[in-house]
Structure formats: structure tokens, C-alpha cells
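Colleague: here is my input; please provide its structure:
(2 chains)
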Amino acid sequence: MNNTLFIQKKHSVSENRVSGLTNLLLNMFFIACAVLCIYPILLVVGISFTDNDALRQYGYKIIPSVFSTDGYAYAFSAAGSILRSYGITIFNTVAGTVIHVLVCALFAYPMARPEFKSRKFFMGFLLIPMLFNGGMVPWYVICTQVLGLRNTIWAMILPMVISPWNVIVLKTFINRNIPDSLIESARLEGCSEFRVFWNIVLPLSKAGLATIAFFSALAYWNDYWHSLMLITDESLYSLQYLLYNIMAKTQFLSSLAARTAGIQSVGVIPAETARMAMCVLSIGPIVIVYPYFQRFFVKGIMVGSIKG
Amino acid sequence: MNGEYSVKAGKAGGKSRGGIKGLGRTLYSDRMFLLMILPGASALFIFNYLPLPGILMAFQTMSLRGSNFFYNLFNPIKWVGLQNFHGYFMSPNFWQTTRNTLGYNLVFLTVGLAANVFVAVAANELWSKKAVKLYQTILIFPAFLSWVIVSYLLFSLLNPDYGVFNNALRSMGLDPVSWYSTSAVWPVLITALTIWKGTGLGSIYYFAAISGIDQEIYESARIDGASRFDQIRHITLPLLSPTMITLTILGLGGIIRTDFGLFYVATLQMGYGALYDTVSTIDTYTYSMAITLGRPSIGTAIGLYQSVVGLFTIIAANAVIRKIDKDSAMF
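Modeller: Numbering: from 1, shown residues only, chains lettered A, B, ... in the order given. Predicted coordinates:
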């Protein structure tokens, strides 16, 4: 008895938590991590607002040695072709996300209904591609020779309209949040299956839909792979692929191969500040929507991590 | 397309009743659901199942020219048996790319595990829950940048002439390093990039697992005289170990695959870089073979090798997880 009292006395002064010093050290650790995460982005912003000559003289600085908006002026000029690429990327992102969310939701709802008799078959159909695929080359040949997707805008949209992972996330979400009784009573009222889907399932799955919409929009916005495989027409360059190409050209010019071959030019390459300005412009929208969607996706990851 | 699916669907769905009548009845009662699934199923079929016969290219001499792919596939220039595989497996590229692929993934899994668990445990110990939210928001952000963007961010640090790293080296009186042609530094840089981009999201799983731990266990440990560090060592970490094991085994399932963007784009290999020995993986090699060098048959063979190994590792990983924790198994 005496012993317990003693221990309680010793601890009751403070809560059950680490000491103030440890808390301070941990906060310093996290602040350091946060700086590491943000610093490269701020650095690129700094470079983008620097005068190009000053850049060559003083090197990259987070605070511009000589302030200039020339980089942005070039990016938005016709030669920068960033506006067209912005248009392509926005179209891909909006159209792709809408189609993706609709296609995945239409797939997920039947999968969540026990009365759908072919459910098991389609679950297998959905999961097999996650386990085995034909690899890059057969996929490439189907896209180019059978579907004729090369140099069309659909090359950047159609290959990503469905994601088995997102279907499973949505299916789990529907199973958890929409009671069977609600769907059955709607049917008794004479609702068709599509009406049940449209008027009951979709409105009640908003948080789940927002999660996959965010991830899908991000995937479309950030996609350069499908352009790399299927797009050679410069008028169809998305923002990411435009940036990819500029970097590739820059690197090629500085490579040994180009130097020995005496290649002087592979077309116009924007100045460093303009390149960094384009990079900033492509991060911008993500920074803007990110805080809003953050609350959805942490929940979404949790749902996804628990298989339904 | 519709008919093809319906027949397949019927086979599985109607099995219990048997016969064509049962199959028909199943399809009829499922008809609205089948209609809903049709768009997604068509996309899956076209982009994931239709390419499968193309695996035959691995056993032929094939050129990407010509228009009728399926006709060419079954009437190739020449069937060559395992020659395409032989060429790859006998070359030094096989060992180099496979070693890099497996080696990097093992490093990512171990360093990533340590980083994720440390960040999650440390975040849980912070006094202010608002600070936790803020740090998490910032730490997750790099995950949402594409590898193209990351290549620009990294370039601003590594640019040999104006980059921050070389500026710092010069100001300390040291010789600048030409980073993009010094292959020895890239294993460290690539691991750092992976941790930088992945820890924010990766630690969330562990953070969630920690918040699921019953607080009374901690309270009773405290009453017994355990310090907060004792509690982490003897309560938090042991209770996290199922999550650690599950996520690590899941990661091992993907050990033969790498992120093309990390190894090809972030390292600026698209300009014919000089880092081949430390940054080439099976994925980047397949791309260079098939697309850059125009050798589709060899590319298909390497892709098939990767897919088959990948299938076995996933099945093995899943079997192990089923034994340990049935709920976490994928199938």
C-alpha cells in the first residue's frame, strides 16, 4: 500500500507523457524534417524569381540575388508553350477524374451487393491484373497498333480510367456506410438499380468519392508516363511531359554524347529561370487543393488499408 | 465485347445451378449490375487482358512495324524459342539490373521501416496534437509531387555549375562534384529521395495503429513505475510489430519492381546519363531496350521474367501473411 502511494505521488504531478525537454527535442526534429520537405520547393521558387544573369554569377539562392519575373514572362509567352500544355493537363485531369470516379463507382456498387451473383468472378477479374501483367511492350503494342492511341488525347486518359485499388476502397466504403435496409427499402419503393446508385449510393459515398477523386486527379495531373510512351506531337504535350522534355534536352546537350557529336542545338531550350518558373506553375495547383483534401485522404488510406 | 463478358460471367455465377438455363437466369437477374460494371470491365479487359497474348513476342523475332498486330503475333518472322531470354540472362546486364532492383528494394524496406516507425512513434509523443497535424501535413506533401517535378527540385541542389550542394562545397574551399556523372553517390541519393517522398504517408499506417492502442495499458504501466521510454519499448513497439511484419512482407511481394520515375527521371537518365551501373533497374533497362533501342522482343522477354518472379513473390508474401494474420491477406 505504502509503495503504490509513493509511486502515485511521484507521477501524479505530471501527465503520462514525455518530459518537456524530450518534447522540445522531438519538435526540433520535426521542424528539421518539415524544412527538408519544403526547402527544395522554396529554392525552386527562389530561382524562378531570379534574374538569369545573376543566377549564373551567384548560383542558386533561395532568396533571389536580383529579383526578376522574366522566367514567368517567358513561360507565359508563346515560345514557352506552357499555356497550351496547361490546357492539355487541365482537360486530362478534369475529364479523366470525372470518368475515373464514375467508372470506379459503377464497378464498386455491384461488387458491394451480395445479391450480385457474378460478384466473385468480377472480383477475380479485378484482382488478377494486380498480380500479373504482360509487361510494358505488349501493352504498348496494343495501345499503338490495335487501339490507335498514339498522339491522341485519349492516350493520356483511357489507360487510367479504372484502378482496381480504388474500386476496392469504394466497395469497402459502401459496405460500411450504406445499410442494406436503406437500399432494399428504396427498391421496394420501386427505384430502379440505377436510381438507387445515383440517388442513394453516390450521395452517401461523398467522402469515399472525394478520396479517390483526389488521388485520381493527382495521378492525371502528375502523369508523364503515358505521354512518354504514346505522345510525340508537341501540340499534345502535357505540363509534366513538357517539363520532362525540357529537362531531357538540357541533359542531352550537357552529356558527353552530344559534346563529342558536336550537336549545338536540339531546338529552343528555355533559360534556367523560365524552366524553374514552369516547374513552380505545375506545383501551384497541388499546393492550393492539397490542404482541402488532406482530411479526406488520411481517412481514405485507413479504409483502404483494411480490406473489405 | 458485351457478349464475351456475359458468357464468362455466367460460367462463374451460374455454377451452383448448372446448365444453360441456370446461367441464363443468373445473367438475367444480374443484368442491371452487369451493365454498371461494363465500362470498367471493358477498360480492364482492353488494357490488362488484351496485351497478355503479346507475351508470345518474347519467343519470336518481331518488329513493331506493321499494322495487324494479332496476325503478326501468330505469324511472326521467326520463332526463336528462348533465345531472347538467353541473351539477357547471359549478359552482365541481367546481374546488374537484378542486383540493383533487389538491393534497392531491400534497403528501402529496412530504412523505410525504421523511418516510418520512428516518425509515427515520435509524432505520437508530441504534447501538442495540433503540431502533429501540421507536421504530418508538411511531411506528406512530397508524396504528391511527380518524379518530373522532383527531378527539377533535385537538379536545383545538384546542378554542377550553380547547384546548392556545389555552392556549399566551393564556399568551404572543396572541389565541386559532378553529381550526375558520379555513380557512387546515387545509392545514397536514391535512398534519401525515397525516404523524403515516402515517410509522410508511410508513417500514417503506424500512427493509426498506435492510436488504436488501449490507453489503459499505458496508464497501468505508469502506475507500475514505467517511464514513457519504457512504455514505448515495452508497449508501443511490441504492439506495432504485427503492422511492421505485414507491411514489410507486402513490400517484399513487390521486390522485383521499381519506380521508373525515381530511377530514370529523377536521376536524369533520359539524357543518356553516365550512372548506368548504380541506377539501372529491370524497369529502366526494359524501357531502354524496348523503346529507346527498338528491341521489343527482348523487352517483352525481360518484362515476362519480371512478371513471373513478381507473381511468385506476391503469392509467397500473401501465403506468409495468411498464416500470421488472416485479415491482412490480399486474397
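Colleague: host element of the spatially most central residue of chain A?
Modeller: By Cα atoms, centre = their mean, the mean C-alpha position of chain A lies nearest to A:L218, the distance being 2.5 Å. Secondary structure from DSSP states H and E places A:L218 in helix A:206-222.
Colleague: let's see that helix as PDB, backbone CA atoms only.
Modeller: Provided in PDB are the C-alpha atoms of helix A:206-222 (Å, rounded to 0.1, in the frame of the first residue of the first chain):
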ATOM      1  CA  LYS A 206     -19.200  11.500 -50.800                       C
ATOM      2  CA  ALA A 207     -16.200  11.100 -48.500                       C
ATOM      3  CA  GLY A 208     -15.100   7.900 -50.400                       C
ATOM      4  CA  LEU A 209     -15.600   9.500 -53.800                       C
ATOM      5  CA  ALA A 210     -13.700  12.600 -52.700                       C
ATOM      6  CA  THR A 211     -10.700  10.400 -51.700                       C
ATOM      7  CA  ILE A 212     -10.500   8.600 -55.000                       C
ATOM      8  CA  ALA A 213     -11.200  11.800 -56.900                       C
ATOM      9  CA  PHE A 214      -8.200  13.400 -55.200                       C
ATOM     10  CA  PHE A 215      -5.900  10.500 -55.900                       C
ATOM     11  CA  SER A 216      -7.100  10.200 -59.500                       C
ATOM     12  CA  ALA A 217      -6.800  13.900 -60.200                       C
ATOM     13  CA  LEU A 218      -3.300  13.800 -58.800                       C
ATOM     14  CA  ALA A 219      -2.400  10.800 -61.000                       C
ATOM     15  CA  TYR A 220      -3.700  12.600 -64.100                       C
ATOM     16  CA  TRP A 221      -2.000  15.900 -63.200                       C
ATOM     17  CA  ASN A 222       1.300  14.200 -62.500                       C
END
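Colleague: lowest-pLDDT helix or strand in the chain?
Modeller: I went with chain A, as the question did not name one. helix A:2-12 (a mean of 47; mean pLDDT, DSSP states H and E).
Colleague: hmm, I had chain B in mind actually
Modeller: Across helices and strands of chain B (mean pLDDT, DSSP H and E), lowest is helix B:2-13: a mean of 42.
Colleague: after that helix comes which helix or strand?
Modeller: Next along from helix B:2-13, by DSSP H and E: helix B:19-29.
Colleague: tell me which residues in that next one are buried?
Modeller: Neighbour-count burial for helix B:19-29 flags B:L23, B:R25, B:T26, B:L27 (criterion: 16 or more other Cβ atoms under 10 Å in any protein chain shown). Where C-beta positions appear, they are placed from N, C-alpha and C, glycine not excepted.
Colleague: same question for stretch B:277-285.
Modeller: So for stretch B:277-285, counting by 16+ other Cβ under 10 Å, buried means B:T278, B:V279, B:S280, B:T281, B:I282, B:D283, B:T284, B:Y285.
Colleague: how much space between the fifth one and B:A114?
Modeller: Right, the one you point to is B:I282. In this view, B:I282 and B:A114 are 26 Å apart by Cβ to Cβ, to the nearest Å.
Colleague: one more: the second one?
Modeller: Here B:V279 is placed at a distance of 23 Å from B:A114 (Cβ to Cβ).
Colleague: helices or strands up against the host helix or strand of A:V137?
Modeller: Using DSSP H and E, A:V137 maps to helix A:136-141. When contacts are defined as 3 or more Cβ pairs under 8 Å, 6 or more residues apart in numbering or on different chains; DSSP states H and E, helix A:136-141 sits against helix A:225-230, helix B:282-287, helix B:296-324.
Colleague: which one of these lies nearest to A:F125?
Modeller: A:F125 lies closest to helix B:296-324 among these, at 16.6 Å (Cβ to Cβ).
Colleague: quick one, helices of the stretch 1-150 of chain B?
Modeller: Secondary structure of the stretch 1-150 of chain B (DSSP state H, counting those that start in this stretch): helices at B:2-13, B:19-29, B:31-44, B:69-74, B:83-90, B:92-125, B:129-140, B:147-158.
Colleague: which one among the buried residues of helix B:19-29 gets closest to chain A?
Modeller: Nearest to chain A out of these is B:T26 (Cβ to the nearest Cβ; 4.9 Å).
Colleague: check the gap between B:I314 and B:P238 for me.
Modeller: B:I314 is 28 Å from B:P238, by Cβ to Cβ.
Colleague: out of these two, which sits in the busier spot?
Modeller: B:I314 (22 against 9; other Cβ atoms under 10 Å in any protein chain shown).
Colleague: excluding its backbone neighbours, what's nearest the more buried one?
Modeller: For B:I314, ignoring the flanking residues on the chain, the nearest one in space by Cβ to Cβ, 6 or more residues apart in numbering or on different chains is B:G253 at 4.2 Å.
Colleague: low-confidence ranges in the stretch 201-331 of chain B?
Modeller: B:271-273 (pLDDT under 70).
Colleague: quick revisit: out of the buried residues of helix B:19-29, which are close to chain A?
Modeller: For chain A, the contacts drawn from these by Cβ under 8 Å from any Cβ of the partner chain are B:T26, B:L27.
Colleague: give me the neighbour count for A:R17.
Modeller: Counted with other Cβ under 10 Å, A:R17 comes out at 14.
Colleague: B:K129 is in contact with that one, correct?
Modeller: No. Assessed by Cβ atoms under 8 Å, A:R17 is found out of contact with B:K129, at 11.6 Å.
Colleague: ranking the helices of the stretch 1-150 of chain B by burial, who's on top?
Modeller: Of all the helices of the stretch 1-150 of chain B, helix B:147-158 carries the top mean neighbour count, a mean of 23, counting by mean count of other Cβ atoms under 10 Å in any protein chain shown.
Colleague: what residues does the following helix or strand past it touch?
Modeller: Going down the chain from helix B:147-158, the next helix or strand is helix B:164-171, by DSSP H and E. Residues outside helix B:164-171 that contact it (Cβ atoms under 8 Å, 6 or more residues apart in numbering or on different chains): A:L43, A:G59, A:Y60, B:S156, B:L157, B:L158, B:N159, B:P160, B:D175, B:P176, B:V177, B:W179.
Colleague: distance between helix B:164-171 and the chain's centre?
Modeller: Remark: helix B:164-171 is offset 34 Å from the chain centroid, using Cα atoms, centre = their mean, to the nearest Å.
Colleague: alpha carbons of it, as PDB, please.
Modeller: The C-alpha coordinates for helix B:164-171 follow below in PDB (Å, rounded to 0.1, in the frame of the first residue of the first chain):
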ATOM      1  CA  VAL B 164      23.300  24.500 -53.800                       C
ATOM      2  CA  PHE B 165      25.500  21.500 -53.000                       C
ATOM      3  CA  ASN B 166      28.400  22.600 -55.100                       C
ATOM      4  CA  ASN B 167      28.000  26.200 -54.000                       C
ATOM      5  CA  ALA B 168      28.300  24.900 -50.400                       C
ATOM      6  CA  LEU B 169      31.400  22.800 -51.300                       C
ATOM      7  CA  ARG B 170      33.000  25.800 -53.100                       C
ATOM      8  CA  SER B 171      32.400  28.100 -50.100                       C
END
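Colleague: and stretch A:185-204, is it in reach of chain B?
Modeller: Yes. Applying Cβ under 8 Å from any Cβ, one finds stretch A:185-204 in contact with chain B at A:S192, A:E193, A:F194, A:F197.
Colleague: out of these, list just those in helices.
Modeller: Residues of the residues of stretch A:185-204 next to chain B located in helices (DSSP state H): A:E193, A:F194.
Colleague: and the residues of stretch A:185-204 next to chain B, which are buried?
Modeller: A:E193, A:F197.
Colleague: re earlier: now the residue nearest to the centre of chain A: closest residue in space, sequence neighbours ignored.
Modeller: B:F144 (5.7 Å).
Colleague: which residues are in contact with that neighbour?
Modeller: Shown in contact with B:F144 (Cβ under 8 Å, 6+ apart): A:L218, A:N222, A:I286, A:Y290.
Colleague: can we see that at 10 Å?
Modeller: A:214-215, A:218, A:221-222, A:283, A:286-287, A:289-290, A:293-294, A:297, B:197, B:200-201 (Cβ atoms under 10 Å, 6 or more residues apart in numbering or on different chains).
Colleague: perfect, that will be all.
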